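> predicted structure and sequence below. I'll ask about it afterward.
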Amino acid sequence: MKYMPKIAAVFWILLLLAAAAASPASASRVVSNVQTITKWDMLWDTARQEGSLPAPPSDQEEWETIGSNEVAGNKPSGSSSAWIRMVLPELTAETPAILLENIYGKHVIIYKDGIIVYESFRSYNYEQNKILLPLEREDSGKRLYIWADSRLDRLGISGEVMTGEQRELLGIMIRKDVFDVILGSAFILIALTLAICSIFLFQPNRSVWLSLCTVIMAIGVLVVTYPPFLFTFYREYGEMYLILFDMALFLLPPSLALFFEQILGDIVYIRRFRKWLTFYSIACFLIMIVNWLTMDRYYWLYYGVSVTLLGLQLMALLICLMVASLKRAWKGDREAIILSVGFACFAVTSVSELFWFYIRQGHYNLFLWKWGVIGFVISVITILGRRLAEKHRQVVQYSQELEMFNNELQRSEKMEIISDLAASVAHEVRNPLQVTRGFLQLLSSKEEEGKNKDYLKIALEELDRASNIITDFLTFAKPEFEQTKILHIDDEFRHIEGIISPMANLQGGKISMEIPEGLAIKGNSSKFKQAFINVIKNSIEALRDEGQIHIRAYSSGDEVYIHIRDNGEGMDAQTLIRLGEPYFSNKTKGTGLGMMVTFRIIEAMDGRITFTSAKGIGTEATVRFPAASSDSAPES
């Protein structure tokens, strides 16, 4: 979870840089002298023989005028090339040039004054060309002849044709595609980061993250390698870019279906579609290898399988996933709502552009889908972030519960040892103690005043203290009550107040009570008094000057709450945790058995006791008991 803010920050920084580079404001500062050519003439080349160098045709041929947003007519049978003729406008720039944003052709030649001024031939099948051609001022009004050869039906210019200052046109040429490179690189970086983070996840979460990494990585590679930027400036690696694009295109549909299958659950038609797409992508990959080994002999088959048919299946997949996510969102699933909103941006733009791509027979460059991808990636990262946050919360909760269970286990083990010891020893020790005390009391009554009298008095007090410890042991060893009845809280605390008030007055403290009538619980009266006398006695001993002890009780639901709050010395957190442990006490001569017995009595009465305290402020004990009806009959 701690990596999510870093991933989001890197993504948004790269996105803002790309938006700034491609913004209209930045473009408007450098295109003031740029002129746009909106029309040109086109002629299908049907006379050229295979292997011969083309020559510009005469102006008497039947040229077809094409606008910048128009598509040429049907290609004649047997023709794989075409001529484009355009008239250059007035060139006023110091170093003029012409920019062809996108011209289709595997082999492109440009003629000026009957001389070849530009030629590009690619051995691989990527036919989008972005051309920046330097000109002279004297070329104003001259005609350029462009010859392009293609294996596909799409031929000609798609996009704008501009003339102007060469430096400015170069900036436009770069800015048009730099957004794609930065955005795609951001997706690849996010995918790599998520893949590294998935190493530290549990197996169920790891499979979801890896499928998401595959989806984002495939999208990132498609975004980077689809525009002609890399093919124009780093053309020596063009075949590698093409292979990476095709592999990402084959990998995207099955990995996208798998991700949705894991997010939305096992949906039958998505699972079956995913299996089919996996098989189909493997088949496309094998056909790609065969086509590459045979030097593009079966390119027609490869293009039909990997572009036409795969694109149609991708459209069908996006529609299916959209329907599935909307069904889940309709049921009120919050994750499905987030996913539906983000995926809708991706699905709607992608399906619309693919549909338009087929309508225009490939004469269309896909670009809106990249913005849809941003919404989709943000939504899935949000969903996974929510899941990680929930898992983190559960881990923290489990750790706290484990620590609590561990403490309870240690406490139970200690209690069991003490209980066994008390049960086996207490009775045997008590009898000789009582006999010894009787003889010492007899000797004390016959002894005259002096040191021996004082010694006997101390011995009797210590024997009484030992007897009280034995009593505590017995109470702890056998907390069950021989007689239980309905206890009225106000009556019980009136008795407790009568017993404990003198001790509070001697300590200089005051006890105030706020206990309404009608509060009743089930238990043993003497044990109830013993437990609360121990608690209040500890509060009295912790009081300082003008100490206050406030006791209040109330009912809430089916429970009775009793609060005992003092403004004494208070305890730190470490001491608070150890309350109730045997042999742990803040008193000089304390054994810790009194509080241990108090915990055991309250537990035996199905109650719970908790303490809150702060050093120098005071302590508050809160005891909860199941409420009982005040008119219930006593039970044995």
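Here it is on my side, so go on.
> so the residue nearest the centre of the chain is in which element?
The residue lying closest to the centre of the chain (Cα atoms, centre = their mean) is Gly385, at 0.9 Å. For Gly385, the element it lies in under DSSP states H and E is helix 368-446.
> ok now that helix, how far from the chain's centre?
Here helix 368-446 shows a centroid-to-chain-centroid distance of 31 Å under the convention Cα atoms, centre = their mean, to the nearest Å.
> for it, packing partners?
Contact here means 3 or more Cβ pairs under 8 Å, 6 or more residues apart in numbering; DSSP states H and E; on that basis helix 368-446 packs against helix 4-22, helix 166-198, helix 203-225, helix 238-264, helix 334-359, helix 451-477, helix 593-604. Any C-beta I mention is one placed from the backbone N, CA and C, and that applies to glycine too.
> follow-up on the earlier one: tell me how far the residue nearest to the centre of the chain lies from Ile378.
Taking Cβ to Cβ, to the nearest Å as the measure, Gly385 falls 10 Å from Ile378.
> now do Thr214
Using Cβ to Cβ, Thr214 is found at 18 Å from Ile378.
> and if you look at Thr436?
As for Thr436, its distance to Ile378 is 82 Å (criterion: Cβ to Cβ).
> so Val535 is in contact with Ala621, correct?
Yes. When contacts are counted by Cβ atoms under 8 Å, Val535 is listed as touching Ala621 (5.4 Å).
> now do the shared contacts for those two.
Residues within reach of Val535 and of Ala621 at once, by Cβ atoms under 8 Å, 6 or more residues apart in numbering, are Ile564.
> higher neighbour count, Thr214 and Ile378?
Thr214 (21 against 17; other Cβ atoms under 10 Å).
> got the contact list for the more buried one?
Thr214 makes contacts with Ala191, Leu251, Ser255, Phe259, as judged by Cβ under 8 Å, 6+ apart.
> which of those count as buried?
In the contacts of Thr214, burial by neighbour count holds for Ala191, Leu251, Ser255, Phe259, counting by 16 or more other Cβ atoms under 10 Å.
> now the residues you listed in JSON lines, with distance to Asn524?
JSON lines is the format used below for the buried ones among the contacts of Thr214 (distance: Cβ to Cβ, whole Å):
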{"residue": "Ala191", "distance to Asn524": "68"}
{"residue": "Leu251", "distance to Asn524": "73"}
{"residue": "Ser255", "distance to Asn524": "68"}
{"residue": "Phe259", "distance to Asn524": "63"}
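> closest one to Ser80 out of those residues, please.
Within those, proximity to Ser80 (Cβ to Cβ) peaks at Leu251, which comes in at 31.5 Å.
> next, count neighbours for Thr598.
Here the number of neighbours of Thr598 (other Cβ under 10 Å) works out to 25.
> go on, Thr92?
The burial count assigned to Thr92 is 13, neighbours taken as other Cβ under 10 Å.
> so how far is Thr163 from it?
With the distance defined as Cβ to Cβ, Thr92 ends up 10 Å from Thr163.
> got the end-to-end distance for stretch 546-565?
Across stretch 546-565, the terminal residues are separated by 14 Å (Cα to Cα, to the nearest Å).
> residues in contact with that stretch?
With contacts defined as Cβ under 8 Å, 6+ apart, stretch 546-565 is touched by 489-490, 493, 504, 507-516, 519-521, 532, 535-536, 539-540, 543, 566-568, 618-627.
> out of these, name the ones that lie in strands.
Secondary structure assignment (DSSP state E) places 509-514, 520-521, 566, 618-626 from the contacts of stretch 546-565 within strands.
> only the buried subset of those residues, as a PyMOL command please.
Selecting the buried subset of those in PyMOL, with 16+ other Cβ under 10 Å as the burial test, is done by:
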select buried, resi 509+511+520+521+566+618+619+620+621+623+624+625
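> need the phi and psi values for His550.
Taking degrees, to the nearest 10, you get phi -120, psi 130 for the backbone angles of His550.
> mind listing what the closest residue to Thr382 other than its chain neighbours touches?
Leaving aside its sequence neighbours, Thr382 sits nearest to Ile338 (Cβ to Cβ, 6 or more residues apart in numbering; 5.7 Å). With Cβ under 8 Å, 6+ apart as the criterion, the residues that contact Ile338 are Ser379, Thr382, Ile383.
> any idea how far Pro432 lies from Gln441?
Pro432 sits 15 Å away from Gln441, going by Cβ to Cβ.
> if you count what's nearby, which of these two comes out ahead?
Gln441 (13 against 9).
> which residue is the nearest non-sequential neighbour of the more buried one?
Nearest non-adjacent residue to Gln441 (Cβ to Cβ, 6+ apart): Leu460, at 6.3 Å.
> cool, Ser207 as well?
On the basis of Cβ to Cβ, 6+ apart, the spatially nearest residue to Ser207 that is not a chain neighbour turns out to be Gln262, at 6.5 Å.
> can you tell me how far that neighbour is from Thr193?
Gln262 sits 20 Å away from Thr193 when distances are taken as Cβ to Cβ.
> and if you look at Ala614?
Spatial separation of Ala614 from Thr193 under the definition Cβ to Cβ is 44 Å.
> so for the two, which residue has more residues nearby?
Thr193 (18 against 13).
> what residues are up against the closest residue to Met217 other than its chain neighbours?
Taking Cβ to Cβ, 6+ apart, and ignoring the residues beside it in sequence, Met217 has Ala191 as its nearest neighbour in space, at 3.8 Å. Neighbouring residues of Ala191 by Cβ under 8 Å, 6+ apart: Cys213, Thr214, Ile216, Met217, Gly220.
> output the lowest mean pLDDT helix or strand found in this structure.
For the chain, scoring each helix and strand by mean pLDDT, DSSP states H and E identifies helix 24-28 as the least confident one, at a mean of 42.
> next SSE after it?
strand 35-37.
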